[in-house]
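[1] attaching a predicted model along with its sequence, questions to come.
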Amino acid sequence: SAGDLSPGLELKTEPEGRPEPEESCPVCGDRVSGYHYGLLTCESCKGFFKRSVQNNKHYTCVEMQSCPMNPLQRKRCPYCRFQKCLAVGMKREAVRADRMRGGRNKFGPLYRRDRQMKEQKVYHQTTTTPCRIKMETTQALQPTAPSDLHLMTGHTNVPLSSDPFHQCQVYPSGMGQLGAPMPLDCTMNTDRGLTPPSLSTTSLTPASTPTPGPSALVTSTPNFLDQLVEAEQDESQLCAKVLASLQREQASRGKHDRLNTFSIMCKMADQTLFGLVEWARNSALFKELKVEDQMVLLQSCWSELLVLDHLCRQVSYSKEGCIYLTVTGDIEVSTILSQAGVTLSSLVSRTQDLVTKLRALQLDRHEFVCLKYLVLFNPDVKSVQSRRQVEQTQERVNRALMERTQQTHPGHSDKFGQLLLRLPEVRSISLQVEDYLYQRHLLGDLPCNSLLTEMLHTKHS
DNA sequence: CTAGCCTTGATC
DNA sequence: GATCAAGGCTAG
């Protein structure tokens, strides 16, 4: 029609209109065209980010990874541009793997909240008499507002390593859209009460009741190992927990926003971690330790326990050439290797090698439990107070393991020694896992408020 | 490859 | 039915 005023012109000729909702693109400073992949950006950065993620681009910078980003120079270095995109908080998850058009995703509410917050800001700038209704909305929004993880990434130059799982989406069966909308996936986990509590000092304290005298366990009994094994948690229980947690998560998302494999694995790891902490806290041997020692031990070995747990699951359940992932069914190793980046590929193949070795050794449940205890009771952990006690327990389990392997495999050359020789590799893998997870965490890929993140943080702080 | 404009479609 | 963030298309 005759109007034909470009929006830009319209704004310039209307200085006293609304207090300028026009922002500049946080990536390059160009004019924003709307919310794209998590925040307000310009049209070109939207397109650039989409192409980069869709085609799994890996750029390199020929300069110092700090190239200027403005509308004129943004084309020069896609590496720095993409880094900037991630740093300001553009979300890979918002790029659809199935390329489905139209519709909305889980960021809809986020966008609305962001808008409201901006409105509030403007409102407070322009008036000094806040009205009640507005205050109420602000309060309601306050707690969830600044939770974005990417704020913490700042301008770190995390190398854009593997970006494996974003393309391969898995749809666990039975994931309907249940009612109960969750506030926002990146906010507080209100259901923490149902799952084992977090590792913070407060939560560990009440459960630990240092047994005064020598318990039945501590005096050497012939069933020592059996008792340890009995305390193990059931695999099907874990599976149910993971599924429940995944269903909660999926329920809070839209159809377009299916959890990808990486998110699913994070959830699994998180639930497993809860289970492991619970396992330790319920263990009679562990309860005898001071709470502070319990803390530092768990903080030191959680990833090893996680790896060990994974290994045992693979030895027991996985098919040849596949990784058994509890809820997603089997995933072929070759598939992962073809999609994963360097770090993850190496992790997967190292782990698979270990699985092969442990399978050849015919690792059984009793031995696995022993290994877990050996890892947990690590007297070499710095700042352990009752070092002697930890040492003695470790030695005790060690002896039990030795006796058992000699009993059950009298003909086996040295199963005991062979098992112990695997532990350094477990440790090494676990460290690599931590590194990998921390990198993904910095990229904003890890769900916030997970025990996993908490553990990562205590180590890196 | 870039970026402006176009088409889609779940949600409001 | 309007909205508006997804993906698609295509000159440059």
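    Structure received. Numbers count the residues shown, from 1 in each chain, chains lettered A, B, ... in the order given.

[2] next one: stretch A:86-94 to chain centre, how far?
    In terms of CA atoms, centre = their mean, to the nearest Å, the centre of stretch A:86-94 is set 16 Å apart from its chain centre.

[3] and that stretch with DNA strand C, contact?
    Yes: remark: stretch A:86-94 sits within contact range of DNA strand C at residue A:94, by CB under 7 Å from any atom of the strand. (C-beta placed from N, C-alpha, C; glycine too.)

[4] buried sites along that stretch?
    By 16 or more other CB atoms under 10 Å, the buried positions in stretch A:86-94 come out as A:86-94.

[5] and those residues as a markdown table, adding pLDDT and secondary structure?
    Converted to a markdown table, the buried residues of stretch A:86-94 look like this (pLDDT from 0 to 100; DSSP: H, G, I helix; E, B strand; the rest coil):
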| residue | pLDDT | secondary structure |
| --- | --- | --- |
| A:86 | 91 | helix |
| A:87 | 86 | helix |
| A:88 | 88 | helix |
| A:89 | 89 | coil |
| A:90 | 93 | coil |
| A:91 | 93 | coil |
| A:92 | 93 | helix |
| A:93 | 91 | helix |
| A:94 | 94 | helix |
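
[6] which among those residues are in contact with DNA strand B?
    Okay, of these, nothing touches DNA strand B (CB under 7 Å from any atom of the strand).

[7] dump these to JSON lines, plus distance to residue A:249.
    Formatted as JSON lines, the buried residues of stretch A:86-94 follow (distance: CB to CB, whole Å):
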{"residue": "A:86", "distance to residue A:249": "22"}
{"residue": "A:87", "distance to residue A:249": "26"}
{"residue": "A:88", "distance to residue A:249": "25"}
{"residue": "A:89", "distance to residue A:249": "20"}
{"residue": "A:90", "distance to residue A:249": "21"}
{"residue": "A:91", "distance to residue A:249": "16"}
{"residue": "A:92", "distance to residue A:249": "17"}
{"residue": "A:93", "distance to residue A:249": "12"}
{"residue": "A:94", "distance to residue A:249": "16"}
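
[8] what's around residue A:240, how many residues?
    As a burial measure, residue A:240 scores 13 neighbours (other CB atoms under 10 Å).

[9] list the contacts of residue A:67.
    Contacts for residue A:67 (CB atoms under 8 Å, 6 or more residues apart in numbering) come out as A:61, A:73, A:76-77, A:79-81.

[10] what's the answer for residue A:43, then?
    Residue A:43 neighbours (CB under 8 Å, 6+ apart): A:30, A:33.

[11] try it again at 7 Å.
    residue A:33 (CB atoms under 7 Å, 6 or more residues apart in numbering).

[12] what pLDDT does it get?
    Looking at residue A:43, its pLDDT stands at 97.

[13] how about the nearest residue to residue A:431, chain neighbours excluded?
    residue A:303 (7.3 Å; CB to CB, 6 or more residues apart in numbering).

[14] ok, residue A:301 next?
    Excluding its sequence neighbours, the residue lying closest to residue A:301 (CB to CB, 6+ apart) is residue A:375, at 5.1 Å.

[15] what lies in contact with stretch A:324-334?
    With contact meaning CB under 7 Å, 6+ apart, stretch A:324-334 is reached by A:170, A:172, A:238-239, A:242-243, A:246, A:261, A:264, A:268, A:313-314, A:317-319, A:321-323, A:348, A:352.

[16] ok, stretch A:302-312 next?
    Contact with stretch A:302-312 is made by A:269, A:272-273, A:276, A:351, A:354-355, A:358, A:368, A:371-372, A:375-376, A:426-427, A:429-430, A:433-434, A:455, as judged by CB under 7 Å, 6+ apart.

[17] fine, thanks again, bye for now.
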